[in-house]
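> Provided below for reference: sequence and predicted model.
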Amino acid sequence: MFQILHRDGLARIGELEINNKRIQTPVLLPVLHPFKAEPWVSFVKELKLRGVITNSYILRKGGFQVGNDIHELLNFQGLVMTDSGTFQEHMYGELNAGNLEMVKYQEGINSDIITIRDIFSEMDHSHEKVSEDVSENFRRGKEAIKETGKYIALPIQGGVYQDLRTESARMMGSLDSEYFPIGGIVPFMERYMYSHVVDAVLNSKSNMKSSNVIHAFGAGHPMFFPILFLMGVDVIDSSAYIKYARDDRILTETGTVDLKDFADELPASPYFDKYYEKELESLSKEERTTIIGKHNLYVSVKELENIKQQIRSENIWNYAEYRAHSHPLLLEAYRKILDFYEYIEKYEPRSRKTPVFYIGEETLKRPDVRRFISCTAQSGKGVKIDKKPYSYYAEIPGISVQTHFGTVPLFLDETYPVAQSLFPGEYYESSKDISKFEKDEWKKFLIDKVDRIFEYQFGKALFSILDRSSIRVQRSKNTGKIRNVFREDESILALRASDGLFSLNYAGAKLIHSHFEYPRHRVVINQEVAEFIKEGRNVFAKFVEDADPLIRPHDDVLIVDKEDELLAYGRAILNRDEMIAFQRGIAVKNRLKSEDSS
């Protein structure tokens, strides 16, 4: 079973538990030859990897019998996945075994993740042929699930036809499984047709439950990792580390380099420290392959760990766009991702920990940026101000400002991403004159700013539900920024310095509850956990019965029961689709305080 631990849009760090074995995603499963596991299985352990994939085609051809344990053969007690041999059959010839026979075989050797014997769609197959194969794969998936209670992988096929990818995803996704490899993408990877991989992944993922585990079969080159994990892929496997090594090809985060093309020094790596190019080339073929293979797997794992950190830092869009500019066909793939705005936007938070860094024209097409522009764009050019925050350097209040996001009201100058972005020619000044905010016209501006931020964030102007004269603001003495908003003497909202958006307290939650109709801004929980929620416990996804479809990750939300009684308030971790789909993990972090209930 799968749950999300950290996330940045579709990109996510999760925990997958199978057969009492827990593995953190995104994860790389190195491909091991079952009868030639060493020295690679020892190296896998050295790198502290907790899962591998091996091939039932080779096992069965090599005489490995049912009743033996694949973990014992590999000398590896972590998670072992077995491929059915579909790709090997595509490459090397008939396996002469049916779907159920191969499923039972994998079960009989104690595989943790069993893959059905699906049909591989070639790039030149006709639409009719691939459609027939998609239907047959669905039949085989149903057959496998009926015959075994083990953890089953159901590959999504469809060849080059995206309508058939969609159909395959919907059909396979209707079956009782959570693990779905995207199959048939290796020919795209080999031809650098990365945009086709994007089409295959996102047309599949967007037509399945958000709680499903997505495995990109054979997508093991580190230069493509940022694109894959930006799309929400959870698992990849790689035989590239050893295949490339056999041809004296060295993997890097930005591409592949032939050993002979290095003039002298090799890439920085603990496995190349002792060698110059000529010294490495002088080694025996077997020894050289081992050294290069270790480097290739090491650099792949290192890049994966880097991407996890990008996700934790909520910086995956900056990183993926930056890396996409290293190769024209990666950039084409990145642009293809941007075409899926309607799907991706639902998973995009309204702000992030890290600012938007302008890298190229694509930056303004990122889903969170595009959404902001569509919600705030105004006609006219606005006033040009070169320093941020704009309101500190504006000569008059209430104007519109010319920004890279279009013409934006000055009221939103500290709201993500206006202030939390960096473009050429824009600068932040450390010293600011905050005395002007003591003037009547600027005091009025600050009150109006509260109203406009509230409207942008929650969808309704604050002064449409409260008397303007009842509102006052508390500002920071050091920066002049709004910190808290009061209704009479009661604090109702706190403006976050990090993103210029409001955090709710209990009074603010009651205000939203009273003036926004059900189910707006609400997460509806099962009555059986209501008392725990009132005690400040977090909301787990399995207890969510419904939610506002407009909720995005990190939104401030209300927690209610089916009768719309306000139980608590908190910050959403998941959007509505995820809250409904997941059976494990936190859906809302409860921020109710003990004094709120008194």
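On my side now, so go ahead.

> Select the helix or strand of this structure having the lowest average pLDDT value.
Every helix and strand of the chain was ranked by mean pLDDT, DSSP states H and E. The lowest is helix 86-92, at a mean of 64.

> neighbours around the closest residue to Tyr427 other than its chain neighbours, how many?
Spatial nearest neighbour of Tyr427, excluding adjacent residues (Cβ to Cβ, 6 or more residues apart in numbering): Lys387 at 5.7 Å. In short, each C-beta sits where N, CA and C put it, glycine included. Number of residues near Lys387 (other Cβ atoms under 10 Å) recorded here: 13.

> give me phi/psi at Lys387?
phi -120, psi 150 (degrees, to the nearest 10).

> now the helices for the stretch 101-250 of the chain?
For the stretch 101-250 of the chain, the helices defined by DSSP state H, counting those that start in this stretch cover 127-147, 162-173, 186-190, 194-205, 225-230, 240-246.

> Export the ones you listed to a markdown table and append columns for mean pLDDT and mean neighbour count.
Shown next, in a markdown table, are the helices of the stretch 101-250 of the chain (pLDDT from 0 to 100; neighbours: other Cβ atoms under 10 Å):
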| stretch | mean pLDDT | mean neighbour count |
| --- | --- | --- |
| helix 127-147 | 96 | 18 |
| helix 162-173 | 97 | 21 |
| helix 186-190 | 93 | 17 |
| helix 194-205 | 98 | 24 |
| helix 225-230 | 98 | 26 |
| helix 240-246 | 96 | 20 |
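
> hang on, the earlier thing: tell me the contacts of the residue nearest to Tyr427?
With Cβ atoms under 8 Å, 6 or more residues apart in numbering as the criterion, the residues that contact Lys387 are 393, 426-429.

> Take those residues and keep only those in strands.
Counted as lying in strands by DSSP state E, out of the contacts of Lys387, are 427-428.

> Among the contacts of Lys387, find me the one that's closest to Ala587.
Nearest to Ala587 among those: Tyr428, at 36.3 Å, using Cβ to Cβ.

> ok, now which ones touch that closest one?
387-388.

> before we move on, what about Gly108?
66-67.

> quick one: the strands in the stretch 351-500 of the chain?
Listed in chain order, the strands of the stretch 351-500 of the chain (DSSP state E, counting those that start in this stretch) span 356-357, 383-384, 387-388, 400-403, 406-409, 421-422, 427-428, 471-475, 482-487, 490-495.

> How many residues are close by Ile18?
Neighbours of Ile18 under the rule other Cβ under 10 Å: 19.

> which residues does it bridge with?
Taking DSSP bridges as the rule, Ile18 bridges to Lys21.

> re earlier: possible to save the helices of the stretch 101-250 of the chain as a markdown table with distance to Tyr275?
A markdown table is the format used below for the helices of the stretch 101-250 of the chain (distance: least, Cβ to Cβ, whole Å):
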| stretch | distance to Tyr275 |
| --- | --- |
| helix 127-147 | 46 |
| helix 162-173 | 44 |
| helix 186-190 | 29 |
| helix 194-205 | 32 |
| helix 225-230 | 26 |
| helix 240-246 | 14 |
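
> Of all those, which one comes closest to Thr82?
That would be helix 127-147 among the helices of the stretch 101-250 of the chain, by Cβ to Cβ, at 12.9 Å.

> what's the angle from that closest one to helix 162-173?
10 degrees (axes from the mean of the first three to the mean of the last three Cα atoms, to 10 degrees).

> hmm, back to that, who wins for proximity to Leu329 among the helices of the stretch 101-250 of the chain?
Smallest distance to Leu329 across the helices of the stretch 101-250 of the chain (Cβ to Cβ): 5.3 Å, for helix 194-205.
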